[in-house]
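Asker: Sharing a model that was predicted from the sequence below.
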Amino acid sequence: MKKLIGSSSSYNFLIKNSNSLDKKSLNKNIFNLKSILSINELAKDLAYNWLEVLRSKSLLQDVIAAITVASVALPLNIALAVACGLPASTGIIAGAIGGGMAAIFGGSALQVTGPAAALSFMILTITKEFGAMGVAGTCIIIAFVQLLLCLLKAGRFIKYMPEAVLVGFTTGVGLKLLDNQFPELLGFNNSIFAISKILDKSDWLHEVSWHAVVCGLVVALLVTSCKQFKRFPAAFVGIVIVTEVSTRLDWGIQRVGSIPSFLPLPSMPILGFDKWIHLLALAIPLAFLASIESLLSAQAIDRIAQNKKSHNSNLELFGQSFANLSSGLFGGMPVSGVIVRSSVNVQCGAKTRLSSLLHAVLLLVCIFYFAETMSSIPLAALAGLLCVIGLRLVEYKTFFHLLSTQKFAALAFTLTMLGTVSGHLLWGLLSGILVCSLGNWLKKPEKNTENPPLKSKHIRGHLPSRLKVAYKKPTHYSLPTENQNWLTQIREKAYITASAFVHQKASLIGRIVLGDHVHIAAESSIRADEGTPFYIGSNSNIQDGVVIHALKEKWVSVGGEDWAVYIGENVSVAHQALVHGPCFIGDNSFIGFQAIVHDSIIGSHCYIGIGAIVVGVEIPTGRYVPHGMVVDSLDKVDLLPQVTDAHMNFNEDVVDVNKGLVAAYKKHSGHFDSKKKILENTSVKWKNALYKF
């Protein structure tokens, strides 16, 4: 029996044998009254999120990112509003009011909320039947549905989204973005909104605006060439330069255009009772679609930004609920978290949610004060930036890796991508999830003896390429048969890199792989005699009195390789802790003094407090388990707070200290061995001398 890790983004695990996560217990958790989220929990999480913002020292980076995101969001909001048959002001109001509320109350620090292309087709249908007032009413219905989902903690189920589906979604968004923005880059008018429309014209090359191409390429080249200078606002500088030059030279290219300079007063949409009932049938599916896209976007942004702290899905639903409610009251349109704007936010160096809030404030400021100035930005300049972002979202390497290793995952990737590109996001996601589920159901339980190279940078917790244990010693990883004699497992030798240090008073038994600079302290016991094999990643330290053991015939599968216990890189397991497999501990995590971890998956950048007990659960990335707390259910996992910088800094210090200790101990050990050798030689001399008498 095993748990599969590596086919998911961040702790999106497909569990096969966890007793605590079977269907019975899952259903129990779903319908348990304790699964209802309390207002106190929401308030606590919100307060903590904003406390982190106040402690941050990244105001300048957030301001620069906000300006760039606002520059990108403004024309997108207008374009999507027009595409839905609504006035341009509707899109700006939705981005400003809805985006601001989501930034204040949401659970994702770097998510940017606004009108979304994936929702536009359904919104257009509502506009044709109910008009702008019906669209505002739809926002109200969506808000209440999302609030209900939040209170029922429905956001937690997004973590079971397979990696292939998530990557297919982001790739589809990237391709859709390229398809929509390429005509803009070439200077075509709004009637040409896709590459296929360009190809329909036999003489399309003669209609290309080369001034527009220059504007877009200048921005794109500046952004790509300055990629290594993360603090340089290349996108903002490029847009300013192109706007100024094109205005002074009077280039006849399309620009953002006129922007309204007023904000309507909030009011409840006026609709008859029959229309509200009819609207429910259209608004509820749209609410689920908006929720799914928001959570997928938040999860993808965690992945793109490589966040130490993952988003809070339930709190994000709460923020999206407020965003849609506010947008509807001000006459806006439905909004969701959008990966395009959020990607711009990340790539422009944003560090906190302040950038998302400032982006919304800037949209309001633009309405009142800078409408004329913003209206002169060339659309081609923004298209150049968006094309770069679209290319970065297309993960073709991951697709080819899946194609060579996991056929069903590759098919799920393709179906999700096609659904996203074609505008049928919901069907794409459902088909992708079904294919992944079918693939896992059909997968044979026999274990692979081959260990293909792990090329995907997105697989968390994979073997470091520099170690290459599997290729030096391929039989080292062959799994035992059912009737394996215990003696054979005990006789297996540990693989210890030259830079690792194992104290002479430590006990290592069985197949154990130690990475570079690993420190195994005195009196620790690491026994791979029952459950086997074990892996301890580079720079990790196992301190005095730690016990690591595992149950037989239970494994976690990391990137296609099975381990009874897998401990990632830069992990600290403190004095007298117990780690009992099957178990996975992600990179940069800390296991406190006398803590117990059994039959569990600990995400990266986690901090397990002193004496805490973690049994049969998955701890998401970036969570803190308080001292002495017992975590043995999904409900308790959902209550865990985020780790703080102090927690992560503490683990970094512990790792650094132990790396120094490894070097010192090895030097001392070498000196001791030399002395021992001299003494042995001396004793031999005396023995020989005695034999002469």
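Answerer: The structure has been received and is ready for your questions.

Asker: which stretch of helix or strand covers L42?
Answerer: helix 39-55 (DSSP states H and E).

Asker: buried ones in that helix?
Answerer: 41-42, 45-46, 49, 52-53 (16 or more other C-beta atoms under 10 Å). (Each C-beta comes from the backbone N, C-alpha and C, glycine too.)

Asker: just stretch 601-613 next, same as before
Answerer: 601-609, 611-613.

Asker: Looking at the residues you listed, spot the one nearest T138.
Answerer: Nearest to T138, judged by C-beta to C-beta, of the buried residues of stretch 601-613 is G603 at 36.4 Å.

Asker: Can you name the residues that contact that closest one?
Answerer: If a contact means C-beta atoms under 8 Å, 6 or more residues apart in numbering, then G603 has 10-11, 310, 586, 589, 618-623 as its contacts.

Asker: Can you work out which other helices and strands pack against the helix holding L42?
Answerer: helix 313-329 (3 or more C-beta pairs under 8 Å, 6 or more residues apart in numbering; DSSP states H and E).

Asker: So for the helix it packs on, mean pLDDT?
Answerer: If you average the pLDDT over helix 313-329, you get 93.

Asker: Out of the contacts of G603, which sit inside strands?
Answerer: Assigned to strands by DSSP state E, the following of those qualify: 618-619.

Asker: Please indicate which of the contacts of G603 has the highest neighbour count?
Answerer: The residue in the contacts of G603 with the most neighbours, by other C-beta atoms under 10 Å, is S589 (30 neighbours).

Asker: Skip the chain neighbours and tell me the closest residue to that residue.
Answerer: Take S589 and drop its neighbours on the chain: the residue closest to it by C-beta to C-beta, 6 or more residues apart in numbering is C606, 4.3 Å away.

Asker: Flag every buried residue along the helix or strand hosting T171.
Answerer: Taking DSSP H and E as the criterion, T171 maps to helix 163-185. Buried residues in helix 163-185, counted by 16+ other C-beta under 10 Å: 163-185.

Asker: try stretch 254-267
Answerer: Buried, per 16+ other C-beta under 10 Å, within stretch 254-267: 254-256, 259, 263.

Asker: Bridged to the closest residue in space to V654 that isn't next to it in sequence, which residues?
Answerer: Nearest non-adjacent residue to V654, counting by C-beta to C-beta, 6+ apart: S572, 4.4 Å away. Here S572 sits in beta bridges with N541, F590, going by DSSP bridges.

Asker: Report the separation between S572 and S342.
Answerer: 32 Å (C-beta to C-beta, to the nearest Å).

Asker: Could you do D562 as well?
Answerer: D562 is 36 Å from S342, by C-beta to C-beta.

Asker: Helices of the stretch 451-600 of the chain, residue ranges please.
Answerer: 469-472, 486-491 (DSSP state H, counting those that start in this stretch).

Asker: Select from those helices the stretch with the lowest mean pLDDT.
Answerer: Across the helices of the stretch 451-600 of the chain, helix 469-472 gives the lowest mean pLDDT, at a mean of 35.

Asker: Touching, A65 and R353? I think so.
Answerer: No - with contacts counted by C-beta atoms under 8 Å, A65 stays clear of R353, the gap being 11.2 Å.

Asker: who's more crowded, these two?
Answerer: Between A65 and R353, counted using other C-beta under 10 Å, A65 has the larger neighbour count: 30 against 27.

Asker: got the contact list for the more buried one?
Answerer: A65 neighbours (C-beta under 8 Å, 6+ apart): 344-345, 348-350, 355, 359.

Asker: returning to that earlier point: what separates the next helix or strand after the helix holding L42 from the chain centre, distance-wise?
Answerer: Going down the chain from helix 39-55, the next helix or strand is helix 59-83, by DSSP H and E. Taking C-alpha atoms, centre = their mean, to the nearest Å, the mean C-alpha location of helix 59-83 is offset from the chain mean by 22 Å.

Asker: Show me what the helix or strand that helix 59-83 is followed by is packed up against.
Answerer: Using DSSP H and E, the helix or strand that follows helix 59-83 in sequence is helix 88-93. Packing contacts for helix 88-93, counted by 3+ C-beta pairs under 8 Å, 6+ apart, involve helix 59-83, helix 354-368.

Asker: right, and those - which one's nearest N651?
Answerer: helix 59-83 (24.6 Å).

Asker: and that closest one, which residues are buried?
Answerer: 61-81, 83.

Asker: now stretch 634-646
Answerer: Here stretch 634-646 shows 634, 636-644 as buried, counting by 16+ other C-beta under 10 Å.

Asker: which stretches of the stretch 551-693 of the chain have low pLDDT?
Answerer: Flagging of the stretch 551-693 of the chain using pLDDT under 70 yields the residue ranges 669-693.

Asker: what about the strands in it?
Answerer: Ranges of strands in the stretch 551-693 of the chain, per DSSP state E, counting those that start in this stretch, are 555-558, 561-563, 565-567, 572-573, 578-585, 590-591, 596-602, 607-608, 613-615, 618-619, 624-625, 630-631.

Asker: okay if I get these as JSON lines plus distance to F650?
Answerer: What follows is the strands of the stretch 551-693 of the chain, written out as JSON lines (distance: least, C-beta to C-beta, whole Å):
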{"stretch": "strand 555-558", "distance to F650": "26"}
{"stretch": "strand 561-563", "distance to F650": "27"}
{"stretch": "strand 565-567", "distance to F650": "18"}
{"stretch": "strand 572-573", "distance to F650": "9"}
{"stretch": "strand 578-585", "distance to F650": "16"}
{"stretch": "strand 590-591", "distance to F650": "7"}
{"stretch": "strand 596-602", "distance to F650": "16"}
{"stretch": "strand 607-608", "distance to F650": "8"}
{"stretch": "strand 613-615", "distance to F650": "19"}
{"stretch": "strand 618-619", "distance to F650": "18"}
{"stretch": "strand 624-625", "distance to F650": "11"}
{"stretch": "strand 630-631", "distance to F650": "20"}
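
Asker: and of the ones you listed, who's closest to M333?
Answerer: Short answer: strand 618-619, nearest of the strands of the stretch 551-693 of the chain by C-beta to C-beta, at 36.7 Å.

Asker: Parallel or antiparallel, which strands does that closest one pair with?
Answerer: With DSSP bridges as the test, strand 618-619 pairs up with strand 596-602 (parallel).

Asker: Please put the alpha-carbon coordinates of the partner strand into CSV.
Answerer: This file holds the C-alpha atoms of strand 596-602, laid out as CSV (Å, rounded to 0.1, in the frame of the first residue of the first chain):
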residue,chain,number,x,y,z
ILE,A,596,5.6,12.5,16.7
VAL,A,597,4.9,12.1,13.0
HIS,A,598,3.2,8.9,11.8
ASP,A,599,1.5,7.8,8.6
SER,A,600,1.4,11.4,7.4
ILE,A,601,2.5,13.8,4.7
ILE,A,602,4.1,17.1,5.9
